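K.L.:
Here is a sequence with its predicted model. Questions after.
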Amino acid sequence: MYSVDLGGGAMLRPLEPWQAEEFLAHMDRARDTVDPWIPWASISTDLESARATLQRYADKQAADKGRIYGIWLDGTLVGGTMFVTFDVDSGIAEVGCWLEPAGTGRGLITAAVRLLIDWAFRVRGLHRIEWHCRPDNKASSNVARRAGLKLEATLRESYPWKGVRHDTEIWAVLAPEWS
């Protein structure tokens, strides 16, 4: 196993199905702040569904189509980041994140996202990284901005959540722009 030191007692490392119990406990702490933004937060409500969420990402990783990583702060899972999609053939991936309140204000997500983007460009040779978020999720758009992505478009009423359609911002960075 490997991990990357994010500083301040925080580590980034793979999040796998065998960690479903820890993931569920984290989701229970994070659900109120994560649910409006991350579709799988509202369906990871028991051990079986938490394991299924992590298994979907394990299957994506095995197919080279996505990945999920957790962020541990002082040994406690407080959030994570993932490649929602990862398409080597097109050279495009979408990165995303989530964080419970105990991990906020430390720059953990920005540091983790920058690591994923850098790896996708420098190691895997991708050309474009996207970030999708609702315009009212200011924390998410601020991470995209701090990570060096540019706002390209807003898709109107493209994200249904609890019976209401929401807009989606599309942020992106291209490999030649990455420093």
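P.N.:
Great, that's in hand.
K.L.:
can you pull out the helices in the chain?
P.N.:
Counting by DSSP state H, the chain has helices at residues 20-34, 47-62, 108-122, 138-146.
K.L.:
and of those helices, who's closest to Trp98?
P.N.:
Trp98 sits nearest to helix 20-34 of all the helices of the chain, at 4.7 Å, using CB to CB. For every residue, glycine as well, the C-beta is placed using N, CA and C.
K.L.:
elements contacting the closest one?
P.N.:
On a contact count with 3 or more CB pairs under 8 Å, 6 or more residues apart in numbering; DSSP states H and E, helix 20-34 meets helix 47-62, strand 76-87, strand 92-99.
K.L.:
Quick check: buried residues in the last one?
P.N.:
Just to be clear, that refers to strand 92-99. Neighbour-count burial for strand 92-99 flags 92-99 (criterion: 16 or more other CB atoms under 10 Å).
K.L.:
Could you do stretch 164-179 as well?
P.N.:
166, 168-173.
K.L.:
Low-confidence regions, this structure specifically.
P.N.:
1 (pLDDT under 70).
K.L.:
rerun that using 90 as the cut-off
P.N.:
Scanning the chain for pLDDT under 90 picks out 1-2, 31-44, 159-163, 179.
K.L.:
Residues in contact with stretch 18-28: which ones?
P.N.:
15, 34, 41, 44-47, 50-51, 53-54, 70, 76-79, 100 (CB atoms under 8 Å, 6 or more residues apart in numbering).
K.L.:
Let's see that stretch as CSV, backbone CA atoms only.
P.N.:
Output of stretch 18-28 as CSV, limited to C-alpha atoms (Å, rounded to 0.1, in the frame of the first residue of the first chain):
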residue,chain,number,x,y,z
TRP,A,18,-12.4,-3.6,2.7
GLN,A,19,-12.6,-0.1,4.3
ALA,A,20,-16.4,0.1,4.0
GLU,A,21,-17.1,0.2,7.7
GLU,A,22,-14.7,3.2,8.1
PHE,A,23,-16.1,4.8,5.0
LEU,A,24,-19.7,4.4,6.3
ALA,A,25,-18.8,6.0,9.7
HIS,A,26,-17.2,8.9,7.7
MET,A,27,-20.3,9.2,5.5
ASP,A,28,-22.5,9.3,8.6
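K.L.:
ok so, going back, can you tell me which of the buried residues of stretch 164-179 comes closest to Arg124?
P.N.:
The closest of the buried residues of stretch 164-179 to Arg124 turns out to be Val173 (CB to CB; 14.5 Å).
K.L.:
ok, the closest one touching Arg146?
P.N.:
No. At 11.8 Å, Val173 does not count as touching Arg146 under the criterion of CB atoms under 8 Å.
K.L.:
where's Trp171 relative to Lys150, distance?
P.N.:
Separation of Trp171 from Lys150 (CB to CB, to the nearest Å): 6 Å.
K.L.:
Find residues that contact each of those two.
P.N.:
In contact with both Trp171 and Lys150: no residue, using CB under 8 Å, 6+ apart.
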